[in-house]
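Engineer: A predicted structure for the sequence below; I have some questions about it.
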Amino acid sequence: MIGIAIMVASALHFSLPVGVHSWHWLHLLAQKIYLLPVLMAAAWFGLKGTLLCSCLVTLVFAFHIFRDWRGYEMVQADQLADVVNLWIVALLSSILFGRIHQTVKALARARDATLAGLAASLDLREHGTSQHSRRVQAYALILAERVGTLDESGRRSLAIGALLHDIGKIGVPDAIILKPGALTAAERREMRRHPELGAQLVERLDSLAQAREVILCHHERFDGTGYPRGLAGSMIPLPARIFAVVDAFDALTSDRPYQRAASYTEAAGRIAMDWDRAFDPLVVDAFFRVPFEEWARAGREYGVELAEVDLGPESLRP
């Protein structure tokens, strides 16, 4: 884009004659267009990129000045002034854009810390929730990389949605959340409200619009038998389909009050059995392309030591 801007400015500037004439105003306008690539470099590439772009523009501009140097003192003074102005704009804009970028990064760090604190607050009610959220976030990003169709924005929304997927449990009574035994039918209905409650908590935050879909849809099933909306197939957002696989994987490979942690082989076998029913087949296929070592490394970082596998994942492909 910067190169195109320089070429356009040069084409206009070089094609118009120097000197006082009826088209002189257009010649002056062409000179000002040289500021555009400098501003673009300042916005995208920082001080070094801006200085490099300014040097290139100055060389092109200087070539034109000396090629058409005809003794028009006012024109010469105007052209030299534009070169000086270009460097002033380059330095000031790179400084200002640099400060803007630093502010944006600081705000992003503050937002991430706030979201992490919000997710961690669930740990005060249900021990282990924070580690679970961190693990499934790490697992989801690993799997998204293998699926390969999410852009940077989609991966970020998946990461936030994974971290906050259980935030709706804030609205579920302690008697249900902390109940050691099996839930009654009424209690299960109440527990199943947590995706909608979580989506309601974040719906006013425009920056979390895509992450909200993960929170709302993380218990949908590929065959349409999930909740809360009974979505099926591609109607379920892709980040939620990715998350569903890693959420099930973590649930199977973590110790719970009602079950022991399964080995990787056992968990992978269960996921293979639910191919095309609970999970998107393409996502399941991507799951089996992830080496065990990657899963184990991510699990270990957040408190789970995955058991060694006895069989390779290739033998478990659906």
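Structural biologist: Perfect, I can see it now.

Engineer: Could you list the low-pLDDT ranges of this protein?
Structural biologist: Along the chain, segments meeting pLDDT under 70 span 2-3, 5-28, 67-75, 123-129, 257-258, 308-318.

Engineer: any idea where the helices of it begin and end?
Structural biologist: With helices called from DSSP state H, the chain shows them at 2-15, 24-33, 35-67, 73-121, 129-147, 152-163, 174-177, 185-191, 194-202, 209-217, 238-253, 264-273, 281-288, 292-301.

Engineer: could I get those as CSV with mean neighbour count and distance to Arg229?
Structural biologist: All C-beta atoms are positioned from the backbone trio N, CA, C, and that covers glycine. Converted to CSV, the helices of the chain look like this (neighbours: other Cβ atoms under 10 Å; distance: least, Cβ to Cβ, whole Å):
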stretch, mean neighbour count, distance to Arg229
helix 2-15, 16, 46
helix 24-33, 16, 52
helix 35-67, 18, 41
helix 73-121, 14, 23
helix 129-147, 22, 21
helix 152-163, 20, 16
helix 174-177, 13, 22
helix 185-191, 12, 15
helix 194-202, 20, 9
helix 209-217, 23, 7
helix 238-253, 24, 11
helix 264-273, 18, 23
helix 281-288, 18, 19
helix 292-301, 16, 30
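
Engineer: give the contact list for the residue lying closest to Glu266 once chain neighbours are set aside.
Structural biologist: Nearest residue to Glu266 in three dimensions, chain neighbours excluded: Leu252, at 7.1 Å (Cβ to Cβ, 6 or more residues apart in numbering). Applying Cβ atoms under 8 Å, 6 or more residues apart in numbering to Leu252 gives the contacts 261-262, 266-267, 270-271.

Engineer: Of all the helices of the chain, which one comes closest to Pro228?
Structural biologist: Nearest of the helices of the chain to Pro228, taken as Cβ to Cβ: helix 194-202 at 5.2 Å.

Engineer: Not counting the closest one itself, show me its contacts.
Structural biologist: So helix 194-202 is contacted by 164-172, 208, 211-212, 215-219, 227-228 (Cβ under 8 Å, 6+ apart).

Engineer: Could I have the PyMOL command that selects the buried members from those?
Structural biologist: Buried residues among the contacts of helix 194-202 (16 or more other Cβ atoms under 10 Å), as a PyMOL selection:
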select buried, resi 164+165+166+167+168+169+172+208+211+212+215+216+217+218+219+228
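
Engineer: Isn't Phe249 up against Ala140?
Structural biologist: No - in this structure Phe249 lies outside contact range of Ala140 using Cβ atoms under 8 Å: 10.1 Å.

Engineer: mind checking which of the helices of the chain is nearest Ala307?
Structural biologist: helix 264-273 (6.2 Å).

Engineer: any idea of the angle that closest one forms with helix 292-301?
Structural biologist: Here helix 264-273 points in a direction 110 degrees away from that of helix 292-301 (axes from the mean of the first three to the mean of the last three Cα atoms, to 10 degrees).

Engineer: just checking, what packs against helix 264-273?
Structural biologist: When contacts are defined as 3 or more Cβ pairs under 8 Å, 6 or more residues apart in numbering; DSSP states H and E, helix 264-273 packs onto helix 238-253, helix 281-288, helix 292-301.

Engineer: Need these in TSV (columns: distance to Leu158).
Structural biologist: Shown next, in TSV, are the helices and strands packed on helix 264-273 (distance: least, Cβ to Cβ, whole Å):
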stretch	distance to Leu158
helix 238-253	4
helix 281-288	12
helix 292-301	14
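
Engineer: of all these, which lies closest to Gly148?
Structural biologist: So among those, helix 281-288 is nearest, using Cβ to Cβ, at 7.7 Å.

Engineer: helices or strands next to the closest one in the packing?
Structural biologist: Packing contacts for helix 281-288, counted by 3+ Cβ pairs under 8 Å, 6+ apart, involve helix 129-147, helix 238-253, helix 264-273.

Engineer: Try it again at 7 Å.
Structural biologist: When contacts are defined as 3 or more Cβ pairs under 7 Å, 6 or more residues apart in numbering; DSSP states H and E, helix 281-288 packs onto helix 129-147, helix 238-253.
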